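Pasting the sequence and the predicted model now:
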Amino acid sequence: MNILVTGGAGYIGSHTVLELASRNHRVVVLDNLSKGHRGAVRGIELVHGDTSDTRLLKEIFKKYNIEAVVHFAASSLVGESVRQPAGYYHNNVVKGLALLDAMVDSGVRRLVFSSTAAVYGEPVETPISEAHPAAPTNPYGATKLALEGAMRWYDQAYGLRFASLRYFNAAGADPAEEIGEDHDPETHLIPLVLKSAAGLTPYLEVFGTDYPTPDGTCVRDYIHVNDLAAAHALALDALAAGLPSSVYNLGNGNGYSVLEVIRTAEEVVGKPINIKYGTRRPGDPAVLVAGSGKIMKELGWQPRFADLKTIIETAWRWHSSHPAGFDK
Ligand code: UDP
């Protein structure tokens, strides 16, 4: 298939591009490189541009005879979204709509969308299935849900079929060490734990120890980025085979506390990690664990790296071999 990947130079995007290329798809990346890295896209056509550029999109659709789009390009930090909702509505909704419009105008009618567990908000039951009410508690989740809403109506009116993948906590790196996680600023737990282990930061701050969980720290469901990438490939195949528009959760169904992540990382790196106990980070639910039975049943998805230690090992290999990330 000829596939356009927006945001393909980012963390999950670049792993998905590798996966699609390995399955012999012809992939073109569109990335404005505001967060992504040129070095994360190797041997694949990279167009430096923005999804708001309708003319450019239409040119790409025509030139490469694009049959499907995987849409990652977006802003994705919860805390930042609370401080700057305008930027999130602009990047995630306004630019997202520009992409949908260009697709409809050009007759490209298959879309895999990078969504998030943040659409659910504070869980009312665990594990969270796709039937869980969607009540986001921050603009990041709200903007992802808003585009999902538009996609539903675009399907009904214009026949744009989509698979929306709601990720829990993406982690790890390509086991071949070619690419990995490189955010600036880094806000995610596992890379921050490993940066502390590598001596790049003095300590890891644990955000809150008074949650109603077994050890008082937040519980999350970590899913390997290559398992996420494989899910995008399966969704594209299913859409090509006639799958109706669908929403799928993606996690492993196992919850690990912040302290369990730190302990496992200590085993991986073979030394103690400095931690400091801090206060809660606003907006963090106590427990987020996915029910991913739907994608397993309907698309045959199975995680290959379900074990937390394996996930952290792949991340550690990347961070220890690329302490300064991609481009620096
Ligand atoms: N966390 C932490 N210290 C950090 C970063 C994160 O204790 O420096 C906690 C955070 O409060 C959450 C978990 O680790 O409970 C995972 O956070 P992350 O930002 O990686 O992902 P999120 O759950 O926000 O998508």
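Ah, there it is. This structure is a prediction, so every number in the text was calculated from the model and none was measured. Numbering: from 1, shown residues only.

Show the contacting residues for the closest residue to the ligand within the stretch 101-250 of the chain.
Closest residue of the stretch 101-250 of the chain to the ligand, Cβ to the nearest ligand atom: Cys218 (2.9 Å). Every residue, glycine included, has its C-beta placed from N, CA and C. Applying Cβ atoms under 8 Å, 6 or more residues apart in numbering, we find Cys218 in contact with 207-208, 211, 257-258, 284-287.

Out of those, who's the most crowded?
Neighbour counts for those (other Cβ atoms under 10 Å) peak at Val258, which has 25 neighbours.

now, which of the contacts of Cys218 lie close to the ligand?
207, 258, 284 (Cβ under 6 Å from any ligand atom).

Bridged to the first one, which residues?
Note on Phe207: beta-bridge partners by DSSP bridges are Gly278.

Does it touch Ala286 like I think?
No - taking Cβ atoms under 8 Å as the definition, Phe207 is not a contact partner of Ala286, at 11.7 Å.

For Leu111, grab phi and psi.
Backbone torsions of Leu111, given as degrees, to the nearest 10, read phi -140, psi 130.

do the one 4 residues further on as well
When read as degrees, to the nearest 10, the backbone of Ser115 gives phi -110, psi -170.

Tell me, what's the model's pLDDT at it?
On pLDDT, Ser115 comes in at 98.

repeat for Lys328
56.

Tell me the residues of the stretch 151-300 of the chain that contact the ligand?
169, 187-189, 192, 204-207, 218, 220, 258, 281, 284.

Looking at the residues you listed, point me to the pair that's furthest apart.
Using Cβ to Cβ, these span at most 17.5 Å, a distance reached by Asn169 and Glu205.

Those two: who's more crowded?
Higher neighbour count among Asn169 and Glu205: Asn169, with 19 against 16, using other Cβ under 10 Å.

just the strands in the stretch 151-300 of the chain please.
Shown for the stretch 151-300 of the chain, the strands assigned by DSSP state E, counting those that start in this stretch span residues 161-167, 169-171, 204-207, 219-220, 222-224, 246-250, 256-257, 275-278, 287-288.

which residues touch the longest one?
Outside of strand 161-167, the residues within contact range by Cβ under 8 Å, 6+ apart are 12, 109-117, 119-120, 130, 148, 151, 155, 223, 228, 231-232, 235-236, 238-239, 243-251, 295.

at 7 Å instead, please
With Cβ atoms under 7 Å, 6 or more residues apart in numbering as the test, strand 161-167 has contacts from 109-117, 119, 148, 151, 155, 223, 228, 231-232, 235, 238-239, 243-250.

Repeat that for stretch 29-37.
Outside stretch 29-37, the residues that touch it by Cβ under 7 Å, 6+ apart are 4-10, 13, 17, 41, 44-51, 60, 73, 182, 326-327.

Recalculate using a threshold of 8 Å.
The contact list for stretch 29-37 (Cβ under 8 Å, 6+ apart) reads 4-10, 13-14, 17, 41, 44-51, 56-57, 60, 73, 182-184, 325-327.

Sitting in strands, which of those residues do you find?
In strands, judged by DSSP state E, the following of the contacts of stretch 29-37 are found: 4-6, 45-48.

most surrounded residue in these?
Neighbour max across the ones in strands among the contacts of stretch 29-37 (other Cβ under 10 Å) = Val5, 30 neighbours.

Tell me the bridge partners for it.
Assigned bridge partners for Val5, using DSSP bridges, are Val29, Val70.

From the ligand, how far off is it?
22 Å (Cβ to the nearest ligand atom, to the nearest Å).

residue contacts, that residue?
Per Cβ under 8 Å, 6+ apart, neighbours of Val5: 13, 16-17, 20, 27-30, 69-70, 72.

what pLDDT does it get?
Note on Val5: pLDDT of 99.

again with Leu189
Per-residue confidence (pLDDT) for Leu189: 98.

Run a quick neighbour tally on the closest residue to it other than its chain neighbours.
Of all residues not flanking Leu189 in the chain, Val261 sits nearest, at 5.9 Å (Cβ to Cβ, 6 or more residues apart in numbering). Neighbour count for Val261, taken as other Cβ under 10 Å: 25.

any idea how far Leu243 is from Val261?
Distance, Val261 to Leu243, by Cβ to Cβ, to the nearest Å: 34 Å.

same deal with Leu189?
Leu189 is 33 Å from Leu243, by Cβ to Cβ.
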